Structure formats: C-alpha cells, structure tokens
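Chemist: Whatever this is, show me its structure:
(chains A and B)
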Number of protein chains: 2
Amino acid sequence: MSSSPAQQPSPQLFFQTVNAYQRTEALKAAIELEVFTAIGEGNATAADIAKRCGASERGTRILCDFLCIIGFLSKEGNQYSLTQDSAIFLDKRSPAYLGGAIEFMATEKLTDNFRSFADVVRKGGSLDEEGGTVAPDNPIWVKFAHAMAPLMAMPAQLMAKLVDPSANQKLKILDIAAGHGLFGLAFAKNNQQAEVVALDWPKVLEVAKDNAQKAEVSDRYSTMEGSAFDVEFGSGYDLILLTNFLHHFDPPTCETLLKKVHDALADGGRAVTLEFVPNEDRISPPDAAAFSVMMLGSTPSGDAYTFSELEQMFRNAGYSSSENHDLPPSIQRVVISRK
Amino acid sequence: MSSSPAQQPSPQLFFQTVNAYQRTEALKAAIELEVFTAIGEGNATAADIAKRCGASERGTRILCDFLCIIGFLSKEGNQYSLTQDSAIFLDKRSPAYLGGAIEFMATEKLTDNFRSFADVVRKGGSLDEEGGTVAPDNPIWVKFAHAMAPLMAMPAQLMAKLVDPSANQKLKILDIAAGHGLFGLAFAKNNQQAEVVALDWPKVLEVAKDNAQKAEVSDRYSTMEGSAFDVEFGSGYDLILLTNFLHHFDPPTCETLLKKVHDALADGGRAVTLEFVPNEDRISPPDAAAFSVMMLGSTPSGDAYTFSELEQMFRNAGYSSSENHDLPPSIQRVVISRK
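Modeler: Next up is the predicted model:
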C-alpha cells in the first residue's frame, strides 16, 4: 500500500473496487482453463498458451495481461511466466496446488449471497431463508471438504505440533464439523497414540474417511453423524477441536455449544479453536478481519470474533482459561481453552 | 504494493483475489445505503450510521469495518470517518460525487458478462449473441449517459484546453457517440465560437441535450441520430471527437470509421480520440491496461489499444500524423490525428 502523504484526490480506488469482481472472474477462468499449468509446462506466448488451453488467442492474451496486472504472472516482451506463488499454488502439477479451492470459494451458491448486499446489510445477515451455509446437511459442505483440504494441510500440521508438541501420550480427540478431516488427522499422524472421533454430516464424513485411509490412520479414526448441536458427544475427551466452526453462529449459540463441549472434556481437557481472529480494532490483520463480511453474507448471524469475544464465550461456558496463539504463516489463530 | 524481495510463499493474493468480488459488492452496498453520506453528515458509530441508513447495526458495523480494510474509511476506537477521497467522491453532498457511476459500472447487465469468463476467453469475446454493449440502440447507453457524466467532466475540460488552447477561432465540431455530451460541451464552453453536432442513439441524445441546456450552449448545439457507422456526417469539421468509442471495435472496423471521419474533416482538421491507452507492454499503467478485460467481456472484439496500434489505424485511414498526450490526473490519454 502506498503511504505517500497529501496525495492528490483520486477516484482510482473507487474504479478499481467497482471492477474488483473482474479479478475474481479472471482468476477463476485462469484456473478453469489451466493457464498457470500451461505456462508452468513451458508455454510462454499467448498463442502457445491458448493452444494448450483450448482458448482463443485474443482472449488468452487479454487474460494473461490482466493476470500480470493483478500480480499472478510476469511478462517480458511477449513471454509470460509464473510468479513464485503462482508456480507453487496454481500450477496443477505442484504438490501445494490450491486452485481447487475455487470449487468452494467461488461457487455461485456462495458468491450469490453477495448479489444484493445492501439488503444483507439492512437485514444484518444472509438473505437465504433456509439459514445460508449453516442450513442442515447443506451439500456445499461436501464441496467444501473436497475443495478446501489442500488449503488446510499446513495449518492442521502446525496446530497439531502446537497443541501436542511431545506427542507421547494417549489422547482421545473429538473433531467437531470435521469436514475433510484434516485437523483431526494431523493429530493422529503427529501422535501414534491419538484416537480421533470425527463429527459431521454423513456425506461429508465420506470425504474425511477417505482422507483417514490415505493417511493410514483408519484404525484410530471413527465417525459420528449429525449436527454438533444435537448429537451426543460422549465424554472423557482430552481435546475437542472446533476448527472454522464458531464463526457461523452468534455468541449465545456458541456458548451453548461450548458448554456441551465442556461437559464432554476430561478434567484438564482442552477445547482447541481455529479461527479467523481479528485484533480488537476489528480491521487488522486485514485478511482475518475481512472474514466477517463472508459471515455477514453467508450466515444468519456469524462473525469473525476477536480474542476477547472468544475468551468471554469460553468463560461464560465455564472454562478456566483461554490462550491466543498465532499460527504463521497461516492468517488464522488458535485459541486453546482449558476445562 | 509490497516490494520486499525473497518473500515466503503465500497464498494470500490468491485468497484476496478469489474474494475480490466482495469488494465490489460492499462498495455498491455502501453507496446504495448512503453510508459515506451518513458519515460525512457526522454519524460516526455503527449504531448511528445504521439508524441514518435504515440498516441493521450488525450489518453496518461489519460493512464499515470492511470499508476500512479496503481503504474507503478510517476508524479510531468505534468511530468511523471518511478518507479524503471518500469525502470528495462518495459523499452525495460533494460536487465531485461519483457514486452514481455504479448505476452503469456495477449494473448486472454489465457484470453478468463476466460470470462465465472462461467461456469468454475460449471464444475471445462477449458471449452475448446480440453484440454485447455495442448492440444497436442498447439501453445501457442511456444509463451510461446519466451515470458517467460526473466522471467525465474533468477529462472533458482538460481535453478541450489541450486541443483548443487559444479558443479564439470558429470551430465546427462533430462529437461521435456523444453520450452525456460532456466532451463536446466542454469545447463549446471553452470557446464561444465553437459549434457542436452530437451524434448518438435518440434516447441518449435526450441526456446530451439536457446537459447542453444546463451548460447554456443550446444555441450552438445540434444533434444527429443514429449509428456512427451508418449516418451521413456532412463535411468541413475542424474537430471530430472520438471519446471512449474505438475500444468497442476491432481494428478493421475502427479503420472503416476513421476513413469516414477523415472524409468529413476539413483540410487540416483533427480527429481527437480519448481512450484507455496502455503502454506497448500492455500491462502498464495498470488501470488503463486493465480496461482490455472490460472489452473482452462486454464486446465481440474490442480492446484497449496501444498508441502504436492507434497510430497504425489512423495511418491506414489516411491521416498524416498522430500525437499521444497524457491527460493527468485522468488515467486516459488523448490521441490527436491530423488529416
């Protein structure tokens, strides 16, 4: 960001923002057409990239120029090349490929929540009468489980190391709204004595079970079908994971769940929350803070909660203490709350 | 933009870009709800702004925080304030208010062109079978004429001063695709001896005629209805204005029109083109270069042409010379081509 003082008035930010949707659509198109993979394979000119992607040369040239402008490609003469980040995250041949995340993040089911955003702001929540993304058994979560897993591998590993650094004790773990299952699975891979119960909608659990098999921990992995608010958790858990879950609900709903989690924990057990946690100013760090808009558009009353708000909810639900941990380079944070 | 070398790999730009559409929708909602005007009037907390805007406090707080994150507001404690640019361009009470431009720029008729953008890139042009925005008599241009006029007042004035600095000679001017009419009107206001003929679709000309009346130059302002490609221009023009017009068409179509313009000019007359003119690399300056994506999505074969491409078209159409002029602080450029 520029920090030069006393700038001339300029409508530039206004124009860039009015057209910002084109950035989303261009990136989505580039991933769909495999433009990044094509360039990674050595196609450098618009003509060659177009041929590899089955697209028009004109469209490809304009798209690639735009991808340069918005930071995803470089250009020398008429040759395009990948930036470091595009090579790592957007070339399909890369093990860290994240492009599939658009299948969830840029799906119309999600983006359409923002089409009448003034009405969303008027109402104070998603216009979807069925509850937005938190409607029971919403099929979007199966898409989520498939699309978002690659994104979560890194934070899941970091979280397991943070919470269970010695990894030498028996642990009974409940993974609430497990999705792709990667968080629970990271604990199971980190500690050979960890046993994980994954809770989610039945079709989502199919994805988690597949991932457990791939991780070769199926013998220490079991599942529990249904809503976290309704199903009987059992008891005696050392850890209960709440990853990207609380942000969907309002504080009273969160507290109800946190009490239930409290009851299911063993003495001294810990609730482990992974969240977008903005600073108390709610506008920094920008990416974590911006997540509240996603919750405004897609849920009836969710939010990106600050640490003091989360701490208050846990305190109200009977926990003795909560600690806030950064998880760099992830933009998310981990809150560890002790029974 | 950050320029720190050897950065850690980060998917941050990917996430920001996948969600960039939310910036468009949030800005659109803020303008629609008059959030900037409300804050300009002295409402500073989410509660007060919400009340003034007829919106929920929760939605308003999340929207205003997001507007801080994306650069349109500042925040101290729980008090929001306008940035310099938001006060000038987005508070309805400001004479330089531009918010109305969303009525054209963010209309679904335009933004929907980008919804299947991979298909647009495959095809190499708008998917609209009727020709996109360049379809005959497309009602979007009436919207355009109303919404975009405030944006064009400044470049129109700058252009008139650039092209007619002495303003002391009789001038016969043809304003092609006049729209709101502001370009021709700026010449008429700049020079009391200038007479302007404005050409556009009939309903669009109603807007231009209104603006001529407001500018008190109706006695030197006449109109010509129809398509620039079909209608008989007449002859002997000192200046023919081509403002934001050539970008809609491919070079052969442009050249056909430029020959017709050439025939209508007096000896020594000049065609005056206002355009988004990227540098020869086609990726700078970023805002002008990015305009090509708008043309890819919304026209069959338009583009943001470089100066060398425009010069070539004018040369092929018989002009003796073309000059390229910056028009700061506008991001557009003026190309003056002599018969």
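Chemist: Only C-alpha atoms from now on, for both contacts and neighbour counts.
Modeler: OK.
Chemist: since we're on A:Pro95, how many residues are nearby?
Modeler: Using other CA atoms under 10 Å in any protein chain shown, A:Pro95 is surrounded by 11 other residues.
Chemist: Leaving out sequence neighbours, find the closest residue to it.
Modeler: A:Ile88 (7.8 Å; CA to CA, 6 or more residues apart in numbering or on different chains).
Chemist: got the contact list for the one you found?
Modeler: For A:Ile88, the contact set (CA atoms under 8 Å, 6 or more residues apart in numbering or on different chains) comprises A:Ser94, A:Pro95, A:Ala96, A:Tyr97, B:Pro9.
Chemist: and with 10 Å instead?
Modeler: A:Ile88 makes contacts with A:Gly40, A:Leu82, A:Ser94, A:Pro95, A:Ala96, A:Tyr97, A:Leu98, B:Pro9, B:Ser10, B:Pro11, as judged by CA atoms under 10 Å, 6 or more residues apart in numbering or on different chains.
Chemist: Check A:Arg93 too.
Modeler: A:Phe36, A:Thr37, A:Gly40, A:Glu41, A:Ala87.
Chemist: Assign the closest residue to the first one other than its chain neighbours to helix, strand or coil.
Modeler: Translated: A:Phe36. Take A:Phe36 and drop its neighbours on the chain: the residue closest to it by CA to CA, 6+ apart is A:Asp91, 5.1 Å away. Of the three states, A:Asp91 takes coil under DSSP: H, G, I helix; E, B strand; the rest coil.
Chemist: number of nearby residues for A:Asp91?
Modeler: A:Asp91 has 24 neighbouring residues, counting by other CA under 10 Å.
Chemist: can you pull out the strands in the stretch 101-250 of chain A?
Modeler: Along the stretch 101-250 of chain A, counting by DSSP state E, counting those that start in this stretch, strands occupy A:171-176, A:194-200, A:221-225, A:237-243.
Chemist: ok, A:Ala154 touching A:Ile331?
Modeler: No Ala there; residue A:154 is Met. No: with contacts counted by CA atoms under 10 Å, A:Met154 stays clear of A:Ile331, the gap being 11.4 Å.
Chemist: what residues are shared contacts of those two?
Modeler: By CA under 10 Å, 6+ apart, no residue touches both A:Met154 and A:Ile331.
Chemist: related to what we said a few turns ago, could you pick out the buried ones from the contacts of A:Ile88?
Modeler: Those of the contacts of A:Ile88 that meet the buried threshold are A:Gly40, A:Leu82, A:Ala96, A:Tyr97, A:Leu98, B:Pro11, by 16 or more other CA atoms under 10 Å in any protein chain shown.
Chemist: A:Glu76: how many residues sit nearby?
Modeler: Residues near A:Glu76, counting by other CA under 10 Å: 9.
Chemist: show me the biggest strand of chain A in terms of residues.
Modeler: strand A:265-275 (DSSP state E).
Chemist: which of the residues in that strand are buried?
Modeler: Within strand A:265-275, the residues that count as buried by 16+ other CA under 10 Å are A:Leu265, A:Ala266, A:Gly269, A:Arg270, A:Ala271, A:Val272, A:Thr273, A:Leu274, A:Glu275.
Chemist: Now do the SS call for the residue nearest to A:Pro95.
Modeler: Put simply, A:Ile88 is helix when judged by three-state DSSP.
Chemist: That one and A:Asn43, how far apart?
Modeler: Going from A:Ile88 to A:Asn43 by CA to CA, to the nearest Å gives 17 Å.
Chemist: go on, A:Leu33?
Modeler: A:Leu33 sits 14 Å away from A:Asn43, going by CA to CA.
Chemist: Just the element for A:Cys64, please.
Modeler: Assigned by DSSP states H and E, A:Cys64 belongs to helix A:57-69.
Chemist: Now the next helix or strand after that helix: average pLDDT?
Modeler: Toward the C-terminal end, the helix or strand that comes next after helix A:57-69 (DSSP H and E) is strand A:73-76. The average pLDDT for strand A:73-76 rounds to 98.
Chemist: thinking again about what came up before, does the residue nearest to A:Phe36 really touch A:Val35, like I thought?
Modeler: Yes: counting by CA under 10 Å, A:Asp91 touches A:Val35, with 8.3 Å between them.
Chemist: Which neighbours do these two have in common?
Modeler: Both A:Asp91 and A:Val35 are in contact with A:Glu41, A:Leu82, where contact means CA under 10 Å, 6+ apart.
Chemist: just the contacts of A:Ile88 now: which is nearest B:Ser292?
Modeler: Among the contacts of A:Ile88, A:Leu82 lies closest to B:Ser292 (CA to CA), at 20.8 Å.
Chemist: what are the bridge partners for that closest one, then?
Modeler: With DSSP bridges as the criterion, A:Leu82 is bridged to A:Leu73.
Chemist: contacting residues for it?
Modeler: A:35-40, A:42, A:44, A:67-68, A:71-75, A:88, A:90-91.
Chemist: can you tell me if the longest helix along chain A touches chain B.
Modeler: Of all the elements of type helix in chain A, the one with the most residues (DSSP state H) is helix A:140-163. Yes: with CA under 10 Å from any CA of the partner chain as the criterion, chain B is reached by helix A:140-163 at A:Leu151.
Chemist: wait, doesn't A:Arg52 sit right on A:Gly40?
Modeler: No: look at A:Arg52 against A:Gly40 with CA under 10 Å: they stay out of range, at 11.5 Å.
Chemist: Between the two, which contacts overlap?
Modeler: Contacts common to A:Arg52 and A:Gly40, judged by CA under 10 Å, 6+ apart, are A:Glu34.
Chemist: For the stretch 201-339 of chain A, what lies in contact range of chain B?
Modeler: Residues of the stretch 201-339 of chain A lying close to chain B by CA under 10 Å from any CA are A:280-287, A:289-297, A:301, A:303-304, A:329-331.
Chemist: in chain A, which ranges drop under the pLDDT threshold?
Modeler: A:1-7, A:131-134, A:136 (pLDDT under 70).
Chemist: ok, A:Leu310 - contacts?
Modeler: Each residue near A:Leu310 by CA under 10 Å, 6+ apart is listed here: A:246, A:251, A:254-255, A:273, A:275, A:277, A:304, A:316, A:322, A:324, A:335, A:337.
Chemist: which parts of the helix or strand it falls within are buried?
Modeler: Using DSSP H and E, A:Leu310 sits within helix A:307-316. Using 16+ other CA under 10 Å as the test for burial, helix A:307-316 gives A:Phe307, A:Leu310, A:Glu311, A:Gln312, A:Met313, A:Phe314, A:Arg315.
Chemist: Kindly indicate which of the buried ones among the contacts of A:Ile88 lies nearest B:Gly226.
Modeler: Compare each of the buried ones among the contacts of A:Ile88 with B:Gly226 using CA to CA and the shortest gap goes to A:Leu82, at 46.6 Å.
Chemist: And that closest one, how far from chain B?
Modeler: Distance, A:Leu82 to chain B, by CA to the nearest CA, to the nearest Å: 13 Å.
Chemist: Show me the contact partners of stretch A:37-50.
Modeler: For stretch A:37-50, the surrounding residues in contact (CA under 10 Å, 6+ apart) are A:30-31, A:33-36, A:51-65, A:73, A:75-82, A:86-88, A:90-94, B:121-122.
Chemist: Give the buried subset of the residues you listed as a PyMOL selection command.
Modeler: Per 16+ other CA under 10 Å, the buried members of the contacts of stretch A:37-50 correspond to this PyMOL selection:
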select buried, (chain A and resi 30+31+33+34+35+36+52+53+55+56+57+58+59+60+61+62+63+64+65+73+75+80+81+82+86+87+88+90+91+92) or (chain B and resi 121+122)
